[in-house]
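J.: based on what follows, work out the 3D shape:
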Amino acid sequence: MRCAAITRAGARCKLDATHGGYCYQHAPETQAERQRNASRGGQAGGNGRAGVSELASIKRDIRRTVDGVLDGSVERGIAAVGFQGFNVLLKAVETERRVKETDELLERLERLETEQGTTAQNRGRTAWPG
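T.: Numbering: from 1, shown residues only. Okay, the predicted model is just below:
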């Protein structure tokens, strides 16, 4: 069964009814939860997991954009440009994650080499057994 709500554009909502006759976005009983979730956007982070909180924020924005297109509050053309921006942001987050991962691996490798007695002068001869 489809949601009984009428969008701002005057069309019937295209989502499935999951709360009585309404979808999550239009159900009166979920309004307070939706407002709480919307106000949390961008507040995550500060715990050393900036990439994770940034990714979660981008996902929330994508969901809001999709919901806005479906309920008629966001024009499709504006959403399309927004999604191009989201793709750029997601690529930047992924690149940042890879750089951080590489830096951490290099630090670990240098620590292992130091612990095994490998120096810059004798990198060709490792101290690894074998």
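
J.: give me the phi and psi for the residue most central in space within the chain.
T.: The centre of the chain sits closest to Leu55, judged by Cα atoms, centre = their mean, with a distance of 2.4 Å. Phi and psi for Leu55, reported as degrees, to the nearest 10, are phi -60, psi -40.

J.: list the contacts of it.
T.: Neighbour list for Leu55: Leu90, Val93 [criterion: Cβ atoms under 8 Å, 6 or more residues apart in numbering]. Using the backbone N, CA and C atoms, a C-beta is placed for each residue, glycine as well.

J.: can you check Ala79 too?
T.: Contacts of Ala79 (Cβ under 8 Å, 6+ apart): Thr65, Val66, Gly68, Val69.

J.: quick one: the last one is in a strand?
T.: No - secondary structure of Val69 (DSSP: H, G, I helix; E, B strand; the rest coil): helix, not part of a strand.

J.: pLDDT at it, what is it?
T.: pLDDT recorded at Val69 is 93.

J.: give me the number of residues near Asp71?
T.: 21 (other Cβ atoms under 10 Å).

J.: not counting sequence-adjacent ones, nearest residue to it?
T.: Using Cβ to Cβ, 6 or more residues apart in numbering and skipping residues adjacent in sequence, the residue nearest Asp71 is Thr7, 4.4 Å away.

J.: and if you look at Arg12?
T.: Ile6 (6.0 Å).

J.: how far away is the one you found from Glu107?
T.: Distance of Ile6 to Glu107, computed by Cβ to Cβ, to the nearest Å: 57 Å.

J.: who's more crowded, the two?
T.: Between Ile6 and Glu107, counted using other Cβ under 10 Å, the more crowded position is Ile6 (13 against 10).

J.: would you agree the more buried one is in contact with Tyr22?
T.: No - using Cβ atoms under 8 Å, Ile6 makes no contact with Tyr22, being 11.0 Å away.

J.: and for those two, which residues touch both?
T.: Overlap between the contact sets of Ile6 and Tyr22, as judged by Cβ under 8 Å, 6+ apart, is given by Cys13.

J.: wait, Gly21 sits on Cys13?
T.: No - counting by Cβ under 8 Å, Gly21 stays clear of Cys13, with 10.4 Å between them.
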